[in-house]
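Chemist: Need coordinates for the below:
(2 chains)
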2 protein chains.
Amino acid sequence: MEHLPEVLFQLFVLLLATKLGDELFKRLGQPALVGEILGGVLVGPAVLGWYQITPETSLFAQIGAVLLLFEVGVHTRVGDVARVGGTAVAVAVLGVALPFVGGYVVGTALGLGFVGRVFFAASLTATSVGITSGALRSLGALATRSGRVILGAAVIDDVLAMLIVAVAVGISAGDVSLPRIGLLLALAAAFIAIVVLGGTGILRRRRSLLTDPRFAETPFLPGMILMLGLAALAAQIGLAAIIGAFLAGMVVGESSERHALETETAPVAAFFTPFFFGFIGAQVDPAAFGSLATVGLLVGVTLLAIVAKYAGAFLGAIRTGRERASLIAWGMVPRGEVEIIVAGLALTAGAIGSDLYAVIVGMVVITALVVPPLMGPLVRRAEPAIAL
Amino acid sequence: MEHLPEVLFQLFVLLLATKLGDELFKRLGQPALVGEILGGVLVGPAVLGWYQITPETSLFAQIGAVLLLFEVGVHTRVGDVARVGGTAVAVAVLGVALPFVGGYVVGTALGLGFVGRVFFAASLTATSVGITSGALRSLGALATRSGRVILGAAVIDDVLAMLIVAVAVGISAGDVSLPRIGLLLALAAAFIAIVVLGGTGILRRRRSLLTDPRFAETPFLPGMILMLGLAALAAQIGLAAIIGAFLAGMVVGESSERHALETETAPVAAFFTPFFFGFIGAQVDPAAFGSLATVGLLVGVTLLAIVAKYAGAFLGAIRTGRERASLIAWGMVPRGEVEIIVAGLALTAGAIGSDLYAVIVGMVVITALVVPPLMGPLVRRAEPAIAL
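Modeler: Now for the predicted structure:
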């Protein structure tokens, strides 16, 4: 590695910039995620040019995404998802279907090809578990009925979105025939089912399995091995690597030593995810928003993302009453890492252009910014029992 | 990153192989480090060929070395080093000088160039803090007088070795004139002094400095930023990146939240260092030991490394009595990460050949294997007060 000094410098600059953005946004009472992305825009090639996209810096970004989804998986209980039941499923399915259909129609109007339309539609579907749960936690509303439905639905909609991603990645890699889509869907479903049911089944029968080896006092290192292995396997069979990482997290999260696992995974994810969000920002060229057409597109896509998700989730939650349905639907609006990963895959595959990529990232930033301030009043109305 | 599946697979295979080696060696009661290296040999290009040396896998190995030295730095107290005083300094200086002189003479006899001789000699100098402190801990002898001298001397000898590394790297990069060596020595000393005295001075005056930012509840992320920054800076001015990482660890270790820092650094280092030790192993070709000449060289170099370190450290510790001096000298014998890093730098710079590289790694493995079994009897003789 003759260019180690440069690689170290680029990683240093990106980590510093994202954490300064994080700091600034926390002080302004805004989501840290947005500050990290803007830090990446600042030091990236389009503005200061101190950070460049190279195979080495890309690897750190990809491992950041893999670790992020692993951590989300660790916090996702298979049992919890099953318990919240019907309402959560309805919220998730309608909350994914409406944005997907809306995105597909708009993508057609924008003149995208079939793969581009699927990617674009997929990039509007998933709720950000991170931003939503952060907002609910700060309001003390995580354990309310609305809170549980939101979290359950957010998890189910992540899985749905990843299924769509799996199909989109498969389509972009090969032909687009219906049998092939069916095969991919079956493959993705089989992979997820085998890993989740098989893995959690084995671990439930023998909860100490991951801490039996002497090299591991906690399930952390076995979890990292499983994470890399399933990520590689998922990527190898044509799914996204992050699906494998998410499933690995969900499986090892069933271990008896889950608390130790969470404690040890947290710093590794905290170290790596800024490289992912910074990398996202570095791919955005602010000059793209110099044209009125792109700004118009951003406004249109953002409205579509908010209205379609709100409408779908509201319909799914209507049986809980209008107040709760409003809170649940609004809580499902923030987009986050999944959208950005999907948009990045689409950009790499050449399915969408850099303008639309910038618009999707811009939409994520706006939804992440607008949702938290309105959560407080909605929680007070829907869940008057909790003290605010 | 079109080849993300392959990169993920290689990282997966290496982590799995090193941890299986770790497991096997722990069960045999041998140092895990050796098992990790042998795991790397097994999956590396010379044997199974499942893991390859690429820019991406090299980056993970280098970050592993950087994190390892950062962690050693965090556990190194500037005050402790100062307190153990004269004996530790004498043990460290003589324990570095004799192997260095011996290595230089043998290097000349082997027909190495000037840079090769300096690298080879440097690769015999430093005691492995990891293996020694592990052995002392398992005997309950860390807090004895002998234990404190060994740890203090091991830390000082790390710093001396890094100073030698700094000079060797500088020499290999440019000309070999005496003024240049003097300049490098001055630059290395100034860099170390400014960072350590300046950094610890600032932190001692304001111990909460690293936890003041809102993005950081512990000094972990500020520490990671400082680690990458000082590693890049050290590499940029011609020192080894690991020196910067070590100093960064020593500085942030002075923070008021040291315990939280250690807790969060540990999993990140545990995740990354196997990639470093596995990478070391992957560069060894077992076929090199097929020739009698190389095996003879391995035996000779290993005897030189053991005898020279033992003699130097024994002389340095003689004022503590013969029993303690024997224990201290034997405790200083294990070599480890610093040797391997130096040998790797020398191999990359073309200063030594792959045979001598394999010999140095073999020597490290042998010293790490032979020392722990004899520590018990020596501790019982030198420190009869502790219950074994």
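Chemist: in the stretch 51-200 of chain A, which spans are helices?
Modeler: Secondary structure of the stretch 51-200 of chain A, counting by DSSP state H, counting those that start in this stretch: helices at A:55-74, A:78-109, A:114-122, A:129-138, A:145-173, A:178-193, A:199-205.
Chemist: The longest one: how far from the chain's middle?
Modeler: Using CA atoms, centre = their mean, to the nearest Å, the distance from the centre of helix A:78-109 to the centre of the chain it belongs to is 14 Å.
Chemist: Check which residues of it are buried.
Modeler: A:78, A:81, A:84, A:87-100, A:102-104, A:106-107 (16 or more other CB atoms under 10 Å in any protein chain shown). C-beta coordinates here come from the backbone N, C-alpha and C atoms, glycine included.
Chemist: Packing partners of it?
Modeler: Applying 3 or more CB pairs under 8 Å, 6 or more residues apart in numbering or on different chains; DSSP states H and E, we find helix A:78-109 packed against helix A:114-122, helix A:145-173, helix A:292-317, helix A:322-331.
Chemist: For residue A:202, see how far away residue A:55 is.
Modeler: 36 Å (CB to CB, to the nearest Å).
Chemist: swap in residue A:31?
Modeler: Distance from residue A:31 to residue A:202, by CB to CB: 37 Å.
Chemist: So for the two, which sits in the more crowded spot?
Modeler: residue A:31 (25 against 13; other CB atoms under 10 Å in any protein chain shown).
Chemist: now that one, nearest residue through space, not along the chain?
Modeler: Leaving out its chain neighbours, the residue that sits closest to residue A:31 by CB to CB, 6 or more residues apart in numbering or on different chains is residue A:368, at 4.7 Å.
Chemist: if we can go back for a sec, mind putting the helices and strands packed on helix A:78-109 into TSV with distance to residue A:45 and mean neighbour count?
Modeler: Listed next are these as TSV, based on distance: least, CB to CB, whole Å; neighbours: other CB atoms under 10 Å in any protein chain shown:
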stretch	distance to residue A:45	mean neighbour count
helix A:114-122	23	24
helix A:145-173	24	24
helix A:292-317	19	19
helix A:322-331	36	23
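Chemist: I'd like these laid out as CSV, including mean pLDDT.
Modeler: Formatted as CSV, those follow (pLDDT from 0 to 100):
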stretch, mean pLDDT
helix A:114-122, 88
helix A:145-173, 77
helix A:292-317, 94
helix A:322-331, 93
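Chemist: Name the residues of the stretch 201-350 of chain A found near chain B, please.
Modeler: Residues of the stretch 201-350 of chain A lying close to chain B by CB under 8 Å from any CB of the partner chain are A:213-216, A:220-221, A:224-225, A:228-229, A:231-232, A:235-236, A:241, A:263-268, A:270-271, A:348.
Chemist: So which of those are in helices?
Modeler: Per DSSP state H, helices hold the following members of those: A:220-221, A:224-225, A:228-229, A:231-232, A:235-236, A:241, A:263-268, A:270-271, A:348.
Chemist: Isn't residue A:367 up against residue A:331?
Modeler: No. Using CB atoms under 8 Å, residue A:367 is not in contact with residue A:331, being 11.5 Å away.
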